[in-house]
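[1] got a sequence here, can you model it:
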Amino acid sequence: MGVAAALFALATTVIVATWGWLGTAVEMPQSPLAPGEKLHCVSYAPFRGEQTPFGPDVPIDPRQIDEDLAQLKVVTDCVRTYSVDHGLDQIPEIARRHGLKVMQGLWLSSVADLSRKQIEGAVALAKRYPDVITAVIVGNEVLLRGEMSAPQLARTIREVKAQVAMPVTYADVWEFWLRNREVAGAVDFITIHILPYWEDFPIPARDAARHVDAIRKQVVAAFPDKEVFLGEFGWPSAGRMREGALPSPANQARALHDVVALAKRENYRANLIEAYDQPWKRQLEGAVGGHWGLYDAYQRKPKFTWGAAVSNHPHWRWQAAAGVALAVLVFGATLAAAWGRPAPPARVWVGVAAIAIASGTMIGWTIETIPVESLTVGDWIRSLAWGAVALIAPVVGAAAAPATVPRFARILARRGERTAGLLALTLGVLLIAVTLLAVQAALGLVFDPRYRDFPFAPLTAAVAPFALLTMRRPRRKDLEASAETVAAATLALSAVYILFNETLANWQAAWFAAGLIVLAATLASARDAPGSK
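    You can find the predicted model right below:
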């Protein structure tokens, strides 16, 4: 038992040390804002929880907007809006009470009647609140979406401009200004969006400011007679990597620090996207879409303090504690299975320690990502299923050591032909579940990858015990395991494609692909438990 105790101590130490490292706060540059200085402007949408701009035009409670603007006036003098429906037309009046200015947006689309309603509503607000509304933004990324042509858009901008007293602009991704230069003649100033995370060739957070500087100068050179306003810049705090662009709290803080400092140094206006996380955007952009806010969606708390260090895992102590608890269960399961029998040899305890380290380190990460990656009922079911196999498989796998994993056919067979023994049966069912979840995730990342997350943490925790169990015995060549062979081939080929598509710069993708390869090798080594037929 001395070996077991020593390995248990080692496993828990590794788990705690890993989480201590993951939770270490990342130092930020000095705050770009002087004492009392505020951000120039921030994009604002008032939707909370299950609220969404989709569906019936139900107005947001004005008290909700009032609470938000009372908080935002501390950090900015201006909010940018995008529409006039769902009660967003209440924002200028409430902003006036809080001493805030508004860059009033109106939403253009391919639906003429809805666009007409937006135009009329925005014009009416501009006439009613000329002391609050500093500019009217006629449409947002309508060229990017392909819902209007450049000539149509220019006519619409001129129509609005003829009816309001304040400057008028249009907002779109920087590339679409360069592709549709005739639109510039209709606006008073140019509003560009530069979102390094979403570029066709994603830019890492450390290079975000350099990218913004280069792109803005390119647009300024193209339109030397117009002010170029940075209408959107931001960075997500959670979600999937895109090549080397990693969403995280520290990367969000660093990118915003750098760009706000750049705008101040170069003396141009910049609007940050966005004030609050918007959960509804996950319907359009996956998990990452709901995590661009300076404040979180539910508690309305700031994600960072300007100039202060930021931790990517602020609750790491709880995550480490969860990992240690799982390690206790893993070692305890092995002890319970060996009760009344000869003590397991040292090599078994080494395998158990490996299972405890892999699963104990990853379970905290798995739990953290469940609410982040879950929006619909289907998302919750899938995320909770991943969490369940990540939690249960290591315990059952440790209890089964040094047994081997039964084939799928022996698990799914009729009662009389099924694998004997509850432990072996449970182990086989868990492997089937892990395989199905992995195949679903892998194929999703092959055929529809843009907004899908990489479940590398639960995959690691769930696969580790099976990989270690299947390594213990040589493969029996007399076995036929066609289901395992097909699944293994699917996972291996998917892993190769994911690595190629996402590039090695994306460590989330590389880690997930490695997990798929390990699972594929495990399935390719299909065998039965001792004594089975």
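
[2] does Ala393 touch Phe466 like I think?
    Yes - between Ala393 and Phe466 there is a contact under CB atoms under 8 Å: 7.1 Å. Glycine gets a C-beta too; all of them are placed from N, C-alpha and C.

[3] joint contacts of these two?
    Residues within reach of Ala393 and of Phe466 at once, by CB atoms under 8 Å, 6 or more residues apart in numbering, are Val434.

[4] buried sites along stretch 135-155?
    For stretch 135-155, a neighbour-count test (16 or more other CB atoms under 10 Å) marks 135-143, 147-148, 150, 152-154 as buried.

[5] in helices only, show me those.
    Counting by DSSP state H, the buried residues of stretch 135-155 place Ala150, Gln152, Leu153, Ala154 in helices.

[6] need the contact list for the residue nearest to Arg155 when sequence neighbours are not counted.
    Among residues not flanking Arg155 along the chain, Ala186 sits closest, at 7.9 Å (CB to CB, 6 or more residues apart in numbering). Contacts for Ala186 (CB under 8 Å, 6+ apart) come out as Leu153, Ala154, Arg155, Ile157, Arg158, Lys161, Tyr170.

[7] the fourth one in helix, strand or coil?
    With DSSP: H, G, I helix; E, B strand; the rest coil as the basis, the three-state label of Ile157 is helix.

[8] Ala171 is in contact with that one, correct?
    No - Ile157 lies out of contact with Ala171 (CB under 8 Å); the separation is 11.2 Å.

[9] of those two, which one has the most company?
    Neighbour comparison, Ile157 and Ala171: the larger count goes to Ala171, with 26 against 23 (by other CB atoms under 10 Å).

[10] alpha carbons of the biggest strand by length in the chain, in PDB - could you do that?
    Longest strand of the chain, by residue count under DSSP state E: strand 133-140. The C-alpha coordinates for strand 133-140 follow below in PDB (Å, rounded to 0.1, in the frame of the first residue of the first chain):
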ATOM      1  CA  ILE A 133     -27.800  61.500 -30.400                       C
ATOM      2  CA  THR A 134     -24.400  62.400 -31.800                       C
ATOM      3  CA  ALA A 135     -24.600  60.300 -35.000                       C
ATOM      4  CA  VAL A 136     -26.900  58.000 -36.900                       C
ATOM      5  CA  ILE A 137     -25.500  54.700 -38.100                       C
ATOM      6  CA  VAL A 138     -27.500  53.700 -41.200                       C
ATOM      7  CA  GLY A 139     -27.200  49.900 -41.200                       C
ATOM      8  CA  ASN A 140     -24.700  47.400 -39.800                       C
END
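
[11] just the contacts of Ala186 now: which is nearest Thr12?
    Among these, Tyr170 lies closest to Thr12 (CB to CB), at 57.9 Å.

[12] and the helix or strand where that closest one lies, what does it pack onto?
    According to DSSP states H and E, Tyr170 maps onto strand 168-173. With contacts taken as 3 or more CB pairs under 8 Å, 6 or more residues apart in numbering; DSSP states H and E, strand 168-173 sits against strand 133-140, helix 150-161, strand 190-193, strand 228-233.

[13] want to throw those into TSV with distance to Leu412 and mean pLDDT?
    As requested, the helices and strands packed on strand 168-173 are exported to TSV (distance: least, CB to CB, whole Å; pLDDT from 0 to 100):
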stretch	distance to Leu412	mean pLDDT
strand 133-140	52	98
helix 150-161	58	98
strand 190-193	52	98
strand 228-233	52	98
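
[14] those helices in the stretch 1-150 of the chain, which residues are they?
    Assigned by DSSP state H, counting those that start in this stretch, the stretch 1-150 of the chain shows helices spanning 2-22, 62-72, 91-97, 112-128, 150-161.

[15] closest one to Ser383 among those helices?
    Relative to Ser383, the nearest member of the helices of the stretch 1-150 of the chain by CB to CB is helix 2-22, separated by 20.3 Å.

[16] buried ones in that closest one?
    Residues Val3, Ala4, Leu7, Phe8, Ala11, Thr12, Val14, Ile15, Val16, Thr18, Trp19, Leu22 are the ones in helix 2-22 that count as buried (16+ other CB under 10 Å).

[17] equivalent analysis for stretch 432-444, please.
    Quick answer for stretch 432-444 (16+ other CB under 10 Å): Ile432, Ala433, Val434, Thr435, Leu437, Ala438, Val439, Ala441, Ala442.

[18] would you mind giving the residues you listed as a markdown table with distance to Asp113, secondary structure and pLDDT added?
    Shown next, in a markdown table, are these (distance: CB to CB, whole Å; DSSP: H, G, I helix; E, B strand; the rest coil; pLDDT from 0 to 100):
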| residue | distance to Asp113 | secondary structure | pLDDT |
| --- | --- | --- | --- |
| Ile432 | 52 | helix | 93 |
| Ala433 | 49 | helix | 96 |
| Val434 | 50 | helix | 97 |
| Thr435 | 50 | helix | 96 |
| Leu437 | 45 | helix | 98 |
| Ala438 | 47 | helix | 98 |
| Val439 | 45 | helix | 98 |
| Ala441 | 41 | helix | 97 |
| Ala442 | 43 | helix | 98 |
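
[19] I'd like the residues you listed as a markdown table, with distance to Asn251 appended.
    Converted to a markdown table, those look like this (distance: CB to CB, whole Å):
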| residue | distance to Asn251 |
| --- | --- |
| Ile432 | 37 |
| Ala433 | 33 |
| Val434 | 31 |
| Thr435 | 33 |
| Leu437 | 28 |
| Ala438 | 28 |
| Val439 | 31 |
| Ala441 | 24 |
| Ala442 | 26 |
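
[20] nearest to Ile60, of the residues you listed?
    Checking those against Ile60 by CB to CB gives Ala441 as the nearest, at 35.7 Å.

[21] show me what contacts that closest one?
    Here Ala441 is in contact with Arg452, Phe454, Pro455, Leu459, Phe512 (CB under 8 Å, 6+ apart).

[22] show me what the helix or strand harbouring the last one packs onto, helices and strands only.
    In this case it means Phe512. According to DSSP H and E, Phe512 maps onto helix 507-524. The contact analysis (3+ CB pairs under 8 Å, 6+ apart) places helix 507-524 against helix 422-447, helix 456-470, helix 482-502.

[23] for stretch 33-52, give the mean pLDDT please.
    If you average the pLDDT over stretch 33-52, you get 95.

[24] next, the buried residues of it.
    Within stretch 33-52, the residues that count as buried by 16+ other CB under 10 Å are Leu33, Leu39, His40, Cys41, Val42, Ser43, Tyr44, Ala45, Pro46, Phe47, Arg48, Gln51.

[25] which residues touch the last one?
    The neighbours of Gln51, taking CB under 8 Å, 6+ apart as the test, are Ile60, Trp280.

[26] again, only using 10 Å
    Gln51 is in contact with Ala45, Val58, Ile60, Asp61, Gln64, His86, Gly87, Gln278, Pro279, Trp280, Ala297, counting by CB atoms under 10 Å, 6 or more residues apart in numbering.

[27] tell me the buried residues in stretch 511-522?
    So, applying 16+ other CB under 10 Å, buried residues of stretch 511-522: Trp511, Phe512, Ala513, Ala514, Gly515, Leu516, Ile517, Val518, Leu519, Ala520, Ala521, Thr522.

[28] nearest spatial neighbour of the first one, skipping sequence neighbours?
    Translated: Trp511. With CB to CB, 6+ apart as the criterion, Trp511 has its nearest non-adjacent residue at 4.2 Å, and that residue is Phe456.

[29] report pLDDT for the one you found.
    Looking at Phe456, its pLDDT reads 98.

[30] my guess is it contacts Ala513. True?
    Yes - counting by CB atoms under 10 Å, Ala513 is a contact partner of Phe456 at 8.9 Å.

[31] got the buried residues for the lowest-mean-pLDDT helix or strand in the chain?
    Lowest by mean pLDDT, DSSP states H and E among the helices and strands of the chain is helix 408-412, with a mean of 73. Neighbour counts using 16+ other CB under 10 Å place Phe408, Ala409, Arg410, Ile411 of helix 408-412 among the buried residues.
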